[in-house]
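Participant: quick check, what structure comes out for this input:
(chains A and B)
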2 protein chains.
Amino acid sequence: MAELFQKHPRRLAVIGVGLIGGSFALALREAAREVHIVGYDRDEINLAAARHMGVVNSTVHDAAAAVRDADMVMIAVPVGQFEGVLQEIAPALNPSAIITDVGSTKGSVVRAAQTMLGSAFERFVPGHPIAGAEHSGVRAARADLFRDRSVVLTPVEGTHELPRDIMRKCWEACGARVEEMTVTRHDAIFGVVSHLPHLLSFALVYDIATRVDADTFFRFAASGFRDFTRIAGSSPEMWRDIGLANRDVLLLEITRYREHLERLSQLLTQQDGAALEAFFRVAREARRSWTETP
Amino acid sequence: MAELFQKHPRRLAVIGVGLIGGSFALALREAAREVHIVGYDRDEINLAAARHMGVVNSTVHDAAAAVRDADMVMIAVPVGQFEGVLQEIAPALNPSAIITDVGSTKGSVVRAAQTMLGSAFERFVPGHPIAGAEHSGVRAARADLFRDRSVVLTPVEGTHELPRDIMRKCWEACGARVEEMTVTRHDAIFGVVSHLPHLLSFALVYDIATRVDADTFFRFAASGFRDFTRIAGSSPEMWRDIGLANRDVLLLEITRYREHLERLSQLLTQQDGAALEAFFRVAREARRSWTETP
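Facilitator: Predicted coordinates:
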């Protein structure tokens, strides 16, 4: 592998040229002009746009063709499609290619890779850039999407040192801060700070939308509702996949969260104003001292 | 009463000269230059600022003194203080004064007014302007805070026609759109579109803040978390009061919401991707077609 490249790939395959895959291609090209980027996307219109915009140098019509001769394979598809993509590409992989991904959950991705990749699993570096935007698709892609953002890598015991180092350098070349943690830790953290709030937000809007007089309720919803439910405008397909992929963590966290709600109900029933205020104050202080890591 | 004024008061008392009370004073003065506005606030620094800024013409050091000779009394205090204020001012009220408020909950306010106001209850017009801002206190007050915003009035059976009409015209003079609904309907709607999301947001931040490794969780929280939890930065005291004031509705709605979470848990357990996606899709479509009433 060391013979192939020290830092940047010569031939990068991007499977799924959307916001994240497309931005990775743009950022990597800025860092390494000479890289040839092959794109594949199940959405042909999106793929044509990626070619037209110069995000990729060439396009192919199946994932296996994309990875042939690639020394780096970036899989940037919804986590639910990850296993299918691996199945397609596994037989076509260059025997020294580094394989990586950008999925929001890591346990399911690593399990799939372990099953599908065979000996190539040691060259699989699971990753998760903490970046996104309200828009999706290659048209929203930007070379600076990862600048000063965190990228979490979750290498496992079998992951070789070299691919891991190369992926770290690649992301750093894209302007990102790289952190490593275990798969379990990753899924536990993002289950709470990202996946759970999405479910909670979907649930509130669902709650209102399924009332007979939903229109009246929505008419009086204001700025608090707007912010709280912004993430309920996210892709149902993507969140179905994430929910299923991280379901063990989510089941645990939903139970824990329901216990907090039960506690709030108790305090309301007992009219325990002091305890209610204390509960809110813990949250308020924490929220006010929180500053978003850029 | 008709002799006193047709549309605008000559002497307005504002009890609680914060963001809402102060903005009402500013807006009403724009509509009626000649009105004399007396302010009272338990926060003496805030009250001095209100006087200094010209939001009120004069200030007094107790609520009863403020209402003496006033032909309109605007009570703009946290709902938990409402009853105490009524108790103070009731004996001092001008026998034809209109009394109104801006509380986020109406059931508790109306019950308190019924108990404390005696025959003046027929001149009490419960109100709720759907306006607010991230900041509080008189320094955040603006004459145009209510422009093109909704104000909900919840007159009850005993409310006389004239005070009700006058309050409608006053709010319209402030630029607001006035709607009437019953107390029950008001509390049911705002319990769901405003009070419940505040509790849910507080509960998520509380959930994270009380973990031993809270810092790590917060460090990976990103824009979705930021929006979802913005309202958890709200005043613990105010939300304690609102929670207690609207607790019957909230207890019902928390139970209903917990059932949605239970359903999501079931779908995750059964790995029912189609039903999960359908659930999220109902929410996404509703959220995307929702547009904030300005």
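
Participant: against A:Leu145, how distant is the residue lying closest to A:Arg147 once chain neighbours are set aside?
Facilitator: Sequence neighbours aside, A:Gly175 is the residue nearest to A:Arg147 in space, at 3.5 Å (criterion: C-beta to C-beta, 6 or more residues apart in numbering or on different chains). The way it works is simple: take the backbone N, C-alpha and C, and place the C-beta from them, glycine included. When C-beta to C-beta, to the nearest Å is the yardstick, A:Gly175 and A:Leu145 sit 9 Å from each other.

Participant: just A:Val73 next, same as before
Facilitator: Taking C-beta to C-beta as the criterion, A:Val73 is separated from A:Leu145 by 20 Å.

Participant: again, but for A:Arg10
Facilitator: The separation that A:Arg10 has from A:Leu145, given C-beta to C-beta, amounts to 23 Å.

Participant: higher neighbour count, the two?
Facilitator: Neighbours around A:Arg10 and A:Leu145, counted as other C-beta atoms under 10 Å in any protein chain shown, are more numerous at A:Leu145. The numbers are 22 against 14.

Participant: let me see the contact set for the more buried one.
Facilitator: A:Leu19, A:Ile20, A:Ser23, A:Leu26, A:Ala27, A:Pro129, A:Ala131, A:Ala133 (C-beta atoms under 8 Å, 6 or more residues apart in numbering or on different chains).

Participant: out of these, which are buried?
Facilitator: In the contacts of A:Leu145, burial by neighbour count holds for A:Leu19, A:Ile20, A:Ser23, A:Leu26, A:Ala27, A:Pro129, A:Ala131, counting by 16 or more other C-beta atoms under 10 Å in any protein chain shown.

Participant: which parts of chain A belong to which domain?
Facilitator: A:11-181, A:185-289 (automatic domain parsing).

Participant: what would these look like in TSV with distance to B:Leu86 and mean pLDDT?
Facilitator: TSV is the format used below for the domains of chain A (distance: least, C-beta to C-beta, whole Å; pLDDT from 0 to 100):
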stretch	distance to B:Leu86	mean pLDDT
domain A:11-181	46	95
domain A:185-289	19	97
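
Participant: so which of those domains comes closest to B:Thr229?
Facilitator: Of all those, it is domain A:185-289 that lies closest to B:Thr229, at 5.4 Å by C-beta to C-beta.

Participant: that closest one: how far from the chain's middle?
Facilitator: 20 Å (C-alpha atoms, centre = their mean, to the nearest Å).

Participant: what's around A:Pro95, how many residues?
Facilitator: Other residues near A:Pro95 come to 8 when the count uses other C-beta under 10 Å.

Participant: what kind of secondary structure is it in?
Facilitator: Put simply, A:Pro95 is coil when judged by DSSP: H, G, I helix; E, B strand; the rest coil.

Participant: quick one: contacts for the nearest residue to it once chain neighbours are set aside?
Facilitator: Among residues not flanking A:Pro95 along the chain, A:Ala120 sits closest, at 7.7 Å (C-beta to C-beta, 6+ apart). Applying C-beta under 8 Å, 6+ apart to A:Ala120 gives the contacts A:Ala90, A:Leu93, A:Pro95, A:Ala97, A:Ile99.

Participant: so what sits against both of A:Gly175 and A:Leu145?
Facilitator: Overlap of the contact sets of A:Gly175 and A:Leu145 (by C-beta under 8 Å, 6+ apart) consists of A:Ala27.

Participant: quickly find the element holding A:Val152.
Facilitator: A:Val152 belongs to strand A:150-153 when assigned by DSSP states H and E.

Participant: so A:His52 versus A:Ile45, what's the distance?
Facilitator: Distance of A:His52 to A:Ile45, given as C-beta to C-beta: 10 Å.

Participant: what's the answer for A:Asp215, then?
Facilitator: Computed as C-beta to C-beta, the A:Asp215 to A:Ile45 distance reads 35 Å.
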